[in-house]
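A.B. asks: model the structure of this input:
(one chain, ligands or ions: 1)
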Amino acid sequence: MTDDSQNVQNTMWGGRFAAGPDAIMEAINASIGFDKRLAAQDIAGSRAHAAMLAATGIITDSDAEAIREGLLTVLSEIETGTFQFSTALEDIHMNVEARLKEIIGEPAGRLHTARSRNDQVAVDFRMWVRDQCDAVDAALVRLLHACLAQAEAGADRVMPGFTHLQVAQPVTWGHHMLAYVEMLGRDRSRFADARIRMNESPLGAAALAGTSFPIDRQMTAQALGFDRPAANSLDAVSDRDFALEFLGAASICAMHLSRLAEELVIWSSAQFRFVTLSDRYSTGSSIMPQKKNPDAAELIRAKIGRILGATVSLFTVMKGLPLTYSKDMQEDKEQVFDAADSLMLALAAMDGMLRDLTANTAALEAAAATGFSTATDLADWLVRSLNLPFREAHHITGALVAMAEARGCDLPELPLADMQSVHGGITGAVFDVLGVHNSVASRTSYGGTAPVRVREQVARWKETLG
Ligand code: ARG
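C.D. replies: I've put the predicted structure just below:
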């Protein structure tokens with residue numbers, strides 16, 4: 001903020017006011033400190049509006065041309081950082097228009113014909129959120145490729161699969177990575193879906209009721225890349241579903257990233273040693289020289305807090321607002337800006353971390369064999385080979401696990417004779433299913449962890465992503 005001219009009448013709406021606003025009124029009212037981020041969208045919207053006003057004969061071609069040229073000058077001033085933003089002018093819309101007036105004079109005053117800041121901010125913000133959907137999608141594609149590279153490299157690598165964070169059954173690293181691929185793929189479709197619904201132009205709804213001027217809303221909608229104009233002017237100026245849907249999709253995506261980040265924090269600990277994070281994505285301790293901390297993963301784990309916070313905040317702002325525009329809605333932008341920035345940073349950090357990540361194959365395989373992880377394979381073998389009901393097989397296996405536990409050994413280390421003391425039908429063939437590699441190789445059901453299935457899914461995803 002550069003200019004804080006106080007107690008001066010607002011030239012945009014001050015006609016009926018005898019005095020300018022109190023400094024505190026100005027402070028609570030102004031949004032220029034953050035909505036300057038909408039400058040490019042605001043100017044694009046104004047250019048489309050001016051071109052339409054000329055095409056419909058509402059303003060002259062020469063005024064439209066002056067406005068067009070002037071807006072380009074304003075844009076370049078903003079881009080090069082020479083633009084003087086003014087708090088007294090409240091927001092980006094009035095800052096741009098006031099500067100346009102300084103540059104081109106009288107025709108600037110014709111730009112706001114058949115328009116209100118209510119439809120103006122709605123169209124600007126929609127375009128900004130729409131751009132973010134595209135940026136997030138590109139970041140998700142990059143991260144998906146990083147996950148797929150990990151999945152492909154570790155299609156055969158065995159690791160423990162967990163439920164309740166207790167070792168459950170052996171799985172493959174590739175399969176685990178593909179679980180995140182599925183999540184991130186759904187995230188993409190959520191943003192794409194939201195983008196389709198948001199792509200209607202509010203411009204031309206004017207303050208709330210439409211306008212008596214013969215505007216062409218199709219023309220501005222098309223010029224700004226919208227599929228169509230929004231069909232109800234009241235809804236057009238008061239709707240913020242597009243921002244809420246973006247935040248919803250962002251919250252779910254951030255939750256996914258948080259889960260993967262949590263796994264990386266656990267896996268990189270000395271107790272697990274499943275992975276080694278690169279120095280580039282770790283930090284040291286100022287007091288403990290030996291420490292290498294997974295700070296990037298921890299911060300990604302935490303970002304969901306502010307992104308979900310933004311979502312709750314905007315829902316709370318919108319809840320109970322009567323139609324149509326209320327100034328409460330000015331509180332929509334900072335939350336969305338912060339959530340979008342946080343998500344983009346988290347996606348980039350996760351991408352970098354995964355690309356640099358080293359999986360410790362030996363530690364993963366050793367851990368995969370702990371906790372009697374192939375007990376289910378043993379029970380399944382009893383069902384298949386001895387035709388036992390699964391419940392009985394489960395019971396026999398439980399007895400064998402108890403026996404192994406008492407001896408402090410794993411299931412494959414139990415002598416056959418001892419197994420036969422629990423069930424006489426058990427043969428040496430059982431040992432084939434007790435090894436972790438055989439265990440994962442046998443899980444060939446669709447969507448299962450077998451390397452052959454993992455490779456199929458990797459191929460499918462590569463084709464999808466192109
Ligand atoms: N700065 C305002 C916002 O972000 C722009 C719309 C103002 N409209 C109004 N009628 N005061 O919501």
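
A.B. asks: what's the neighbour count on whatever residue of the stretch 201-350 of the chain ends up closest to the ligand?
C.D. replies: Residue nearest to the ligand within the stretch 201-350 of the chain (CB to the nearest ligand atom): Gln330, separated by 3.6 Å. In this view, the C-beta of every residue, glycine as well, is placed from N, C-alpha and C. By other CB atoms under 10 Å, the residues close to Gln330 number 19.

A.B. asks: so it touches Ala30, yeah?
C.D. replies: No: with contact defined as CB atoms under 8 Å, Gln330 does not count as touching Ala30 (9.4 Å).

A.B. asks: that's a helix at the residue of the stretch 201-350 of the chain closest to the ligand, yeah?
C.D. replies: Yes: with DSSP: H, G, I helix; E, B strand; the rest coil as the criterion, Gln330 is part of a helix.

A.B. asks: ok, and what's touching stretch 374-385?
C.D. replies: Applying CB atoms under 8 Å, 6 or more residues apart in numbering, the set of residues contacting stretch 374-385 from outside is 169-170, 388-390, 392-394, 396-397, 400-401, 411-412, 423, 425-427, 429-430, 433-436, 438-439, 442.

A.B. asks: Leu89 against Asn29, yeah?
C.D. replies: No: between Leu89 and Asn29 there is no contact, the gap being 10.8 Å when judged by CB under 8 Å.

A.B. asks: just want to know which of those two has more residues nearby.
C.D. replies: Ranked by neighbour count (other CB under 10 Å), Leu89 and Asn29 place Leu89 first, with 22 against 16.

A.B. asks: take the contacts of stretch 374-385 and keep only those in strands.
C.D. replies: The strands, defined by DSSP state E, take in 169-170 from the contacts of stretch 374-385.

A.B. asks: which PyMOL command selects the buried ones in the contacts of stretch 374-385?
C.D. replies: Filtering these down to the buried ones (16 or more other CB atoms under 10 Å) takes a single PyMOL command:
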select buried, resi 169+170+388+393+394+396+397+400+401+411+412+423+426+430+433+434+435+436+439+442
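
A.B. asks: what values do phi and psi take at the closest residue to Thr361 other than its chain neighbours?
C.D. replies: Setting aside the residues directly before and after it, Thr361 is nearest to Arg157 in space (CB to CB, 6 or more residues apart in numbering), at 5.5 Å. Torsion angles at Arg157 (phi, psi; degrees, to the nearest 10) stand at phi -70, psi 120.

A.B. asks: equivalent analysis for Thr82, please.
C.D. replies: Main-chain torsions, Thr82, degrees, to the nearest 10: phi -90, psi -10.

A.B. asks: and it, how close does it get to Asp338?
C.D. replies: According to CB to CB, to the nearest Å, Thr82 stands 27 Å off from Asp338.

A.B. asks: who has more neighbours, these two?
C.D. replies: Using other CB under 10 Å as the criterion, Thr82 and Asp338 rank with Asp338 on top: 16 against 8.

A.B. asks: can you give me the pLDDT of the more buried one?
C.D. replies: At Asp338, the model reports a pLDDT of 98.

A.B. asks: tell me the secondary structure for it?
C.D. replies: For Asp338, the secondary structure call by three-state DSSP comes out as helix.

A.B. asks: burial count for Gln335?
C.D. replies: Neighbours of Gln335 (other CB under 10 Å): 20.

A.B. asks: if I look at it, how far off is Phe242?
C.D. replies: On the measure of CB to CB, Gln335 and Phe242 end up 13 Å apart.

A.B. asks: does the longest helix seen in the chain come close to the ligand?
C.D. replies: Secondary structure assigned by DSSP state H gives helix 117-153 as the longest helix of the chain. Yes: for helix 117-153 and the ligand, the contact criterion (CB under 6 Å from any ligand atom) is met by 117-118, 121.

A.B. asks: mind giving me the packing neighbours of that helix?
C.D. replies: With contacts defined as 3 or more CB pairs under 8 Å, 6 or more residues apart in numbering; DSSP states H and E, the packing partners of helix 117-153 are helix 39-55, helix 92-104, helix 173-198, helix 233-238, helix 241-267, helix 333-356, helix 451-465.

A.B. asks: adjacent strands (with direction) for the helix or strand following that helix?
C.D. replies: Sequence order places strand 158-163 as the next helix or strand after helix 117-153, per DSSP states H and E. Based on DSSP bridges, the pairing partners of strand 158-163 within the sheet are strand 166-172 (antiparallel).

A.B. asks: could you give the angle of the partner strand to helix 451-465?
C.D. replies: Here strand 166-172 runs at an angle of 70 degrees relative to helix 451-465 (axes from the mean of the first three to the mean of the last three CA atoms, to 10 degrees).

A.B. asks: residues of the stretch 101-250 of the chain that sit close to the ligand?
C.D. replies: 117-118, 121.

A.B. asks: please pick the buried ones from those.
C.D. replies: 117-118, 121.

A.B. asks: rewinding a little: buried ones in the longest helix of the chain?
C.D. replies: By neighbour count with 16+ other CB under 10 Å, helix 117-153 contains the buried residues 117-130, 132-133, 136-137, 139-140, 142-148, 150-152.

A.B. asks: quick revisit: so what's the residue of the stretch 201-350 of the chain closest to the ligand up against?
C.D. replies: 31, 35, 91, 121.

A.B. asks: what of Pro451?
C.D. replies: 155-156, 172, 174, 440-441.

A.B. asks: could you do Val436 as well?
C.D. replies: Going by CB under 8 Å, 6+ apart, Val436 touches 158, 170, 365, 368-369, 373-374.

A.B. asks: same thing but at 6 Å, please
C.D. replies: Going by CB atoms under 6 Å, 6 or more residues apart in numbering, Val436 touches 158, 170, 368-369.

A.B. asks: would you format the residues you listed as a markdown table with distance to Ile67 and pLDDT included?
C.D. replies: What follows is these, written out as a markdown table (distance: CB to CB, whole Å; pLDDT from 0 to 100):
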| residue | distance to Ile67 | pLDDT |
| --- | --- | --- |
| Val158 | 67 | 98 |
| Pro170 | 68 | 97 |
| Ala368 | 68 | 95 |
| Ala369 | 73 | 91 |
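
A.B. asks: mind putting the residues of the stretch 101-250 of the chain next to the ligand in JSON lines, pLDDT and distance to Trp267 included?
C.D. replies: Output for these, formatted as JSON lines (pLDDT from 0 to 100; distance: CB to CB, whole Å):
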{"residue": "Arg117", "pLDDT": "97", "distance to Trp267": "51"}
{"residue": "Asn118", "pLDDT": "98", "distance to Trp267": "51"}
{"residue": "Val121", "pLDDT": "98", "distance to Trp267": "45"}
